[in-house]
Structures are given as C-alpha cells and as structure tokens.
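Peer 1: only geometry, no sequence info:
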C-alpha cells in the first residue's frame, strides 16, 4: 500500500530532481523529510484540499516548524494579491532562506506556491505534492510557476524548479468527476503530441482509467511525467520543443479568457482547444475522430457554446506564445507527432474558430 | 567625447554580458540597439531622471516601438504595487516575449525594472542604464532584482541578469551631492572588502573623485564593476563569497528599516553600517580610522542619531542574511579582506550597536 511504484528523474544539472509516484506517499515521513532544505516548512493549500489532506501531511512533518497558509479555491484567485498574501505570511513567520515551501493541492496552489518560493528572498526551495490529476501529469513538473492577469493566464511568473515532486495517487479518489476528466485531457495530450503508442494504450485502457483503477492510473501518470521530463530536460525555458506541450493551449487559453475563467476548467478548455488544433492540422479525418472519441470517452467537451471567432482571435493576441505579432500554433502531422507552426492559412483559422460552437 | 572607455565582461556562461563605461553612451544608437532582443522596447524611468535623459534615449532608439513608464521617485515606491503597475502597462502595450525592458535611472528603477522583466511572461530581456553612482557600481551589475516589503528591503525578488549594462558617466554631472556621496559609499566598500590597493588609490584620489573629474571617475567605476563581476561570476546566487558584498549592509538595512526608509539614503546607511561592522572587526584602530576618514572625505555619515540597540537587533532579525535564526555578519580581517562570521560575541554586538549614535 505505502510504496513508491515509479520514480521519474528530471535531469536539469544542478537543478535535477525526482518525481516519486505511489499510493500513500503523503504519509511517508522519511521520504518527505529527505527533501526538506531546513527546519522551517510553509505548507500552502486551499480550502478544498486542506480538510482532506493537511492533517496527514502535518503528521508526516512532525518535528519540523510547520506553518500553513490556506488559499481560497479556484483559478480566479490565482492573482498577484493572493501571492502577496503568501509572501506576507512567510515574512510574518520569520521564514529564513533555508525554508521549504510545500504546495499541497492542484495546479493553482502549485503555480502560486512555486512562484512565491521563486520570489521569496530571491528564491527558496519548494516541493510539489499535487492532488489533482492535472497537476500530477502537468503543472507540478517542469518549474513553470506564476499567476494570472486580467489580460491573460500565467502572464506573470518565473521558471523555478521544485526540489522534489510527490505524487500520491490515493488523493485522486476524492477528486470530483469533472476535475478528474479535466486532468485526463492533459494525459491524452501527451499521446497526441509525442507518443502514438501511448495514445493507442489510452484508447484501450480508458474505461479502467475512468474507473480510477490504481495500477493503470499510476502507469499513465508515470508515462506522462517521463514524457514531460524528457521535454523539460531538453528545453527548460521553452525556447523550442517545450512549446509542443502547449498543444490545445493557445485555443484553450482563449476560450478561458473569453469566458472569464469561470465556465470551463482548464483541462476542459484544453480539450476544446485540442479539437480546434486538430481541425487546423493536415491529418486524416480518421485521426481527428479518434482524438475526439477519446476526449469524449474521458468525459470531456470538444465544443464551447456562445463564443465568437472575433472574441477568440482578440484573446489569442494576448497569449504568451505570440512572437512579434504572429500567432504560433501547435499542430499535428499525425497522432503522436506535433510541431510549431506560424505558417498557416489565416482564413482557415477563422473558419475553424467559427466552428467552436460545434 | 562619445566613446566606450572601459568594457567589463561578466562571465556567467549563456547569461554572460558586457558592462560598457564611457561618456555620452546614452546617445550611441548603434551600441544601444545591438543589445535589444526585438522591435519592442519598454523604458522604465522615474519623475526625476525622465526629464533629464528620457528624450535623448528615445532619440537613440528611433525606429523601435518604444513605450515609456515613469515611476515616482524614491525607495518608498519600490513596492509590489508599483511593480504591478509596470506589468499592467507592458500587457496593455501588448509587449511580446521578445520585448526588451530598459531601466533608465538609479537602483530603485533598475531593481524594479529587472524584477518586472524577470516576471513578465516568466522572463524577458532587460538592459540597465544606471544614472546614479550607486547603481553604476553596485545594483546594476549582478542580476539582483526585487522590491521592498514593510518587513524589510529586497525581500521579494529574483536573480535575473541583464543583457547589457550601459554606464554613461556624463549622467553623474546632474546627480545631487548627497546621492553622489551615497554612491561613493559602495565604491569605498569594494576597497574595504577585497582590494587594499584600490582603497589606498581612493584615499589618494578622493578629492578629484568628489570634484567628479571624468577620468578618475571612469577608472573607479570600472574597477568596482570588475571586482563585482569577479564575485558574481564565482557565486551568482549568493551561496558563498558574494555575501561579502553585503559588508555594512546588515547594519545598514537595519538603520534604514528603523527609520522607515525615509531618513537615510541607502549608501548613507551602508556607510554607517560599514563603520559599525569595522567596530565589530578585530582590526587595528588605525585601519578603523582610515575607513572613517575616507567615508567623511566622501561626505558620508558614520553615526545615526535617535536609534536604539533594541530596534536595530529586531530589524536585523528580518534581514535575508539570517540563516536558521543566526545573524551572520560580514567583518574585516584587515582593510581589503572581508569574511563571513556567525561566530562573534553577542555582547560585543550589543555594545557596538549602542554606539550607533556616535
């Protein structure tokens, strides 16, 4: 029950670290404590996750000077104001340079805790304990941290690698259905952009995965983390290949921005975005159908009602992936092979965006 | 007149850059433009410096898409709120990832612009054009960026190296007497901590330097930048030797914090701090006198009225250089040789702090 079933190494020279995956990791004192920088620990969580797992984590950190900070839940709270609150709290607690920030929660908690650790005294250690599927396969790995801005997502942030990532797959048992599906969107993304074999494996195992069977779940998470670790090791600060991980995200961020980050979960918006990106790609119709079918089997949407092409184009103009005014898109050559394109037909983009409603 | 008289290389692998020192650099279009990442430029300055030099800089950047942002003047505006204003402005200007942030001003402008560049879309290019002596010899070199917090100075920030530093020594001609002296405190610091020969050279040339003679001034600035570049190349993120640059700063920050950052300029507080640090050091009385005499010749204070030892100790508790509760001090073995100490007599610290009033 309490064992590390998979270990994935992220190779980044002096900033290398391990992702440990297993059941009950949250309670493994010795494993957790090895990753701490000093005696002071600041655990950041949110009002949803804290009642479920904070006490167990505090027990596992017995003997350390642990302070906790509980954020409100939701993407709308991923702001510079909330970040400032974390920093105020750490300073009030007299946290020194050898403090370790620990993120216990989903992507919002992880991104904000990581950014707080990046800025606190110009950078202190932090550990990710992601409790959502999305955070486990995506945001907790790779060092991207930050907050949103009214003009767009993650526009203010830093690259700051964690000292370790602990993925306790048991935490997924309490995850609401919709959030679980949203995480599965990112799992499917890895297959679509870089691993055709994994995509086929997902098609074969999607029922077991949706039933949250522990074994295939740990296997899928480990595969995703391995793929992401490869890309991050090659291109830590997204100068090149790392951009492939944004498949579906340029469209997805636009969908989220146009709906005030309130209607869709990030993973749902990415699912819609992946469908739009597939429509922009010169791939076989059969492959487009396989992608949509897998997304639907994972309980994900592929259309968004009530948006206009103009709104989406305007929102895409503020995406970070715009370079010198030109919108770059991640497209597919085939399932399992993505590439960055800034050489596409703008009228095709408009007609694809007009189909966002389905 | 318009020539680079000294070039100092800061060697940091892929993040290496040059510091160019000379008269009239601000107007050298070709030199400035070579350092820009793309066509978009955001120049950040303040209400004091902008009327003097912003127009000349804009002329030199003719042909680029230049936006300007003018901050209020003063350390009390080095806040997360003002930082947020810079980021809002950049986003409103649609600045893309290849934008270059340019800091035109003193240390506050440089630190905030650098931190804004560090956070904007997780890091974009920036250039330092320091216009105060203090910024030219200290804060513009080495990549420390950040803002203050009510609990202490520079507690929130990042390490983010500039793409280039342009030191136009002509800008010093408009610097108020008191600020010029404050910058000289940091110049003297380099001699005191690591270059006994330079310290003696300063003693011999202090009159010419205070008269702002262009030649010895450029020579002193180049020497300081060379010394700082050496230390930064060895220890970019202040794990070890870079801490020596904080000579006088632990005490100085405490003096500033206790007076609400309103009474003393940073350099003046550092001068007072260096005197206190010298009093804590086991050096000859003659060397202590030489340091005080040079500080006085540079128009600097060595005492601060109205403070108590208790206030200073409390403020020092919030300094970044506190590791696990122990205050570390930079002390001297002799003029020209500093070291980090956490092994000193606390009662001596108390009696030295009691002499802060003189």
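Peer 2: Right, received. Where do you want to start? Because the structure is a prediction, the values reported are computed rather than measured.
Peer 1: which bits of chain A sit near chain B?
Peer 2: Neighbours of chain B within chain A, by Cβ under 8 Å from any Cβ of the partner chain: A:38-40, A:80, A:84, A:87-88, A:91-92, A:94, A:96-98, A:118-123, A:144-146, A:149, A:151-152, A:154-159, A:237, A:317-318, A:320, A:322-325. Glycine gets a C-beta too; all of them are placed from N, C-alpha and C.
Peer 1: Just the ones of the residues you listed in strands?
Peer 2: Counting by DSSP state E, those place A:40, A:144-146, A:149, A:152, A:154-159, A:322-323 in strands.
Peer 1: At which residues are the strands of the stretch 1-150 of chain A located?
Peer 2: Along the stretch 1-150 of chain A, the segments classed as strands by DSSP state E, counting those that start in this stretch run A:3-10, A:17-23, A:40-46, A:65-71, A:100-105, A:125-130, A:144-149.
Peer 1: Determine the set of other helices and strands touching the third one.
Peer 2: The one in question is strand A:40-46. If contacts are counted by 3 or more Cβ pairs under 8 Å, 6 or more residues apart in numbering or on different chains; DSSP states H and E, strand A:40-46 sits against strand A:65-71, helix A:80-92, strand A:100-105, helix A:107-119.
Peer 1: want to throw these into TSV with mean pLDDT?
Peer 2: TSV is the format used below for the helices and strands packed on strand A:40-46 (pLDDT from 0 to 100):
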stretch	mean pLDDT
strand A:65-71	98
helix A:80-92	97
strand A:100-105	98
helix A:107-119	97
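Peer 1: So for residue B:355, which of those sits nearest?
Peer 2: helix A:80-92 (29.3 Å; Cβ to Cβ).
Peer 1: got the angle between the closest one and strand A:65-71?
Peer 2: On the basis of axes from the mean of the first three to the mean of the last three Cα atoms, to 10 degrees, helix A:80-92 is oriented at 160 degrees to strand A:65-71.
Peer 1: pLDDT score for residue A:343?
Peer 2: For residue A:343, the pLDDT comes out at 87.
Peer 1: where's it, which helix or strand?
Peer 2: Using DSSP states H and E, residue A:343 sits in no helix or strand.
Peer 1: Next: the one 4 residues further on.
Peer 2: Assigned by DSSP H and E, residue A:347 belongs to helix A:346-353.
Peer 1: could you give the mean pLDDT of that helix?
Peer 2: Helix A:346-353 shows a mean pLDDT of 91.
Peer 1: Residues contacting that helix, please?
Peer 2: Applying Cβ atoms under 8 Å, 6 or more residues apart in numbering or on different chains, the external contacts of helix A:346-353 come out as A:276, A:279, A:280, A:309, A:312, A:313, A:327, A:329.
Peer 1: So which of these is the closest to chain B?
Peer 2: residue A:327 (10.6 Å; Cβ to the nearest Cβ).
Peer 1: I'd like the distance between that closest one and residue A:8.
Peer 2: Separation of residue A:327 from residue A:8 (Cβ to Cβ, to the nearest Å): 33 Å.
Peer 1: Which of the two has more residues huddled nearby?
Peer 2: For residue A:327 versus residue A:8, neighbours defined as other Cβ atoms under 10 Å in any protein chain shown are more numerous around residue A:8 (22 against 18).
Peer 1: Hmm, residue A:22 and that one touching each other?
Peer 2: No - judged on Cβ atoms under 8 Å, residue A:8 makes no contact with residue A:22 at a distance of 11.7 Å.
Peer 1: just to revisit the earlier point, out of the ones in strands among the residues of chain A next to chain B, which end up buried?
Peer 2: Restricting those to buried positions leaves A:40, A:144-146, A:149, A:152, A:154-159, A:322, with burial counted as 16 or more other Cβ atoms under 10 Å in any protein chain shown.
Peer 1: Specify which member of these is nearest to residue B:167.
Peer 2: Distances from residue B:167 to those, taken as Cβ to Cβ, are shortest for residue A:158 (27.6 Å).
Peer 1: show me what contacts the closest one?
Peer 2: By Cβ under 8 Å, 6+ apart, the contact list for residue A:158 reads A:114, A:115, A:118, A:119, A:145, A:146, B:118, B:119, B:122, B:123, B:158.
Peer 1: Let's see the PyMOL selection covering just the buried ones among those residues.
Peer 2: Buried residues among these (16+ other Cβ under 10 Å), as a PyMOL selection:
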select buried, (chain A and resi 114+115+118+119+145+146) or (chain B and resi 118+119+122+123+158)
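Peer 1: May I see the contacts of residue A:158 organised as JSON lines, with distance to residue A:272 added?
Peer 2: Formatted as JSON lines, those follow (distance: Cβ to Cβ, whole Å):
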{"residue": "A:114", "distance to residue A:272": "26"}
{"residue": "A:115", "distance to residue A:272": "27"}
{"residue": "A:118", "distance to residue A:272": "31"}
{"residue": "A:119", "distance to residue A:272": "33"}
{"residue": "A:145", "distance to residue A:272": "25"}
{"residue": "A:146", "distance to residue A:272": "22"}
{"residue": "B:118", "distance to residue A:272": "32"}
{"residue": "B:119", "distance to residue A:272": "29"}
{"residue": "B:122", "distance to residue A:272": "25"}
{"residue": "B:123", "distance to residue A:272": "29"}
{"residue": "B:158", "distance to residue A:272": "34"}
